[in-house]
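Asks: Coordinates for the following, if possible.
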Amino acid sequence: MTASPSLPGAFESLTATLLGEAGTGPAFALEDDRAPLECAVVSNVAQGALLHFTAQNPCGTAALVIGGGGYVQLMAGREGVQVARWLNILGIDAHVLIHRFPDAANGVMAPLEDARAAMRFLRERGASRVGVVGLSSGGHLGACLLACTDEHSPDFAVIGYAPISTNAAGRTVIADKPPLAPPEKQAFYDALQPDAQMAENPPPCFVVYAASDPVVPVVNARRLTAAIEARGGHAELHVFAEAPHGFALDTASLPVSLWPQLCEAWMRQMTILPPS
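Replies: Numbering: from 1, shown residues only. Reported below is the predicted structural model:
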């Protein structure tokens, strides 16, 4: 692994680690190099990377943060950097994953390979607990780690509005839904269905969705929590009646904006964080 590589745009000031040996070109590219860090969108990834955000008063817990983007881009700002900074306030060291996409260049399993490599790296850093916080497709990828029974399995998980298995062939809730493009993306969803592949005794999970989500049907939340509980785990599920897909942390004036407070209370109850 290579520390402190050259990063594009507003990311250039961050400390990062490349997953694997450094390549000859940039690890990833941004949709707009001029966009502020909190709104940055990653448009292409040649090599996986971890962006490190250290808490001022660390509690000993670390989290792998995975943003969404449908496996064709990454909302690295809204669902990565913003989430990492929230976790830092709580005392959690956060590490934002910039993963490769499932496509012809990287292969079907590239996102999972990068997530597993990131978990190994964080375990080696010696945190007392290592969790995963994933939103949208990042929540799907984070939930895929719940099928692991080794060092790749997180100690806790926070999953938001993720397409757990309704994108998989034969499990859609939309009749005659066409396959997703590119073909490697559809193959990734077909191969990795976290609710059907959940390991025994999964770690505690906080799950948050919107019933009105037009992109990810709320049945995904039901499938995930039912699988966790069926295999002996604990799942705290919050379904908000009205919220847009991708509500993240910055959807003000709606009840869903309270979910980070609920998640913090849950983490303290689960002793992931110390008592207030």
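Asks: what bits of this protein have low per-residue confidence?
Replies: Residue ranges of the chain with pLDDT under 70: 1-5, 22-24.
Asks: quick one: the strands in it?
Replies: Ranges of strands in the chain, per DSSP state E, are 2-3, 15-18, 28-30, 42-45, 49-53, 61-66, 93-98, 129-135, 157-160, 205-210, 235-240.
Asks: Adding distance to residue 265 and mean neighbour count, write these out as a markdown table.
Replies: The C-beta positions use only the backbone N, C-alpha and C, and glycine is treated the same way. Below are those laid out as a markdown table (distance: least, C-beta to C-beta, whole Å; neighbours: other C-beta atoms under 10 Å):
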| stretch | distance to residue 265 | mean neighbour count |
| --- | --- | --- |
| strand 2-3 | 35 | 12 |
| strand 15-18 | 30 | 18 |
| strand 28-30 | 35 | 20 |
| strand 42-45 | 32 | 20 |
| strand 49-53 | 22 | 22 |
| strand 61-66 | 15 | 29 |
| strand 93-98 | 19 | 26 |
| strand 129-135 | 16 | 27 |
| strand 157-160 | 13 | 29 |
| strand 205-210 | 10 | 26 |
| strand 235-240 | 10 | 18 |
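Asks: export these to JSON lines and tack on distance to residue 119?
Replies: Converted to JSON lines, the strands of the chain look like this (distance: least, C-beta to C-beta, whole Å):
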{"stretch": "strand 2-3", "distance to residue 119": "18"}
{"stretch": "strand 15-18", "distance to residue 119": "13"}
{"stretch": "strand 28-30", "distance to residue 119": "19"}
{"stretch": "strand 42-45", "distance to residue 119": "18"}
{"stretch": "strand 49-53", "distance to residue 119": "10"}
{"stretch": "strand 61-66", "distance to residue 119": "6"}
{"stretch": "strand 93-98", "distance to residue 119": "10"}
{"stretch": "strand 129-135", "distance to residue 119": "7"}
{"stretch": "strand 157-160", "distance to residue 119": "12"}
{"stretch": "strand 205-210", "distance to residue 119": "16"}
{"stretch": "strand 235-240", "distance to residue 119": "20"}
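Asks: Let me know which of these is the nearest to residue 276.
Replies: Closest approach to residue 276 among these (C-beta to C-beta): strand 61-66, 15.2 Å.
Asks: burial of residue 230, as a residue count?
Replies: Neighbours of residue 230 under the rule other C-beta atoms under 10 Å: 12.
Asks: How far off centre is stretch 142-151?
Replies: 12 Å (C-alpha atoms, centre = their mean, to the nearest Å).
Asks: same check, this time on stretch 137-153
Replies: The answer for stretch 137-153 is 9 Å, by C-alpha atoms, centre = their mean.
Asks: Determine how far the last residue of that stretch lies from the first.
Replies: Distance between the two ends of stretch 137-153: 18 Å, counting by C-alpha to C-alpha, to the nearest Å.
Asks: Same check on stretch 43-61?
Replies: End-to-end distance of stretch 43-61 (C-alpha to C-alpha): 30 Å.
Asks: hmm, what's the outermost residue in the protein?
Replies: What lies farthest from the middle of the chain is residue 176; by C-alpha atoms, centre = their mean that is 28.1 Å.
Asks: hmm, back to that, can you check which of the strands of the chain gets nearest to residue 143?
Replies: Short answer: strand 157-160, nearest of the strands of the chain by C-beta to C-beta, at 5.6 Å.
Asks: Residue 166 is in contact with residue 190, correct?
Replies: No - using C-beta atoms under 8 Å, residue 190 makes no contact with residue 166, being 12.0 Å away.
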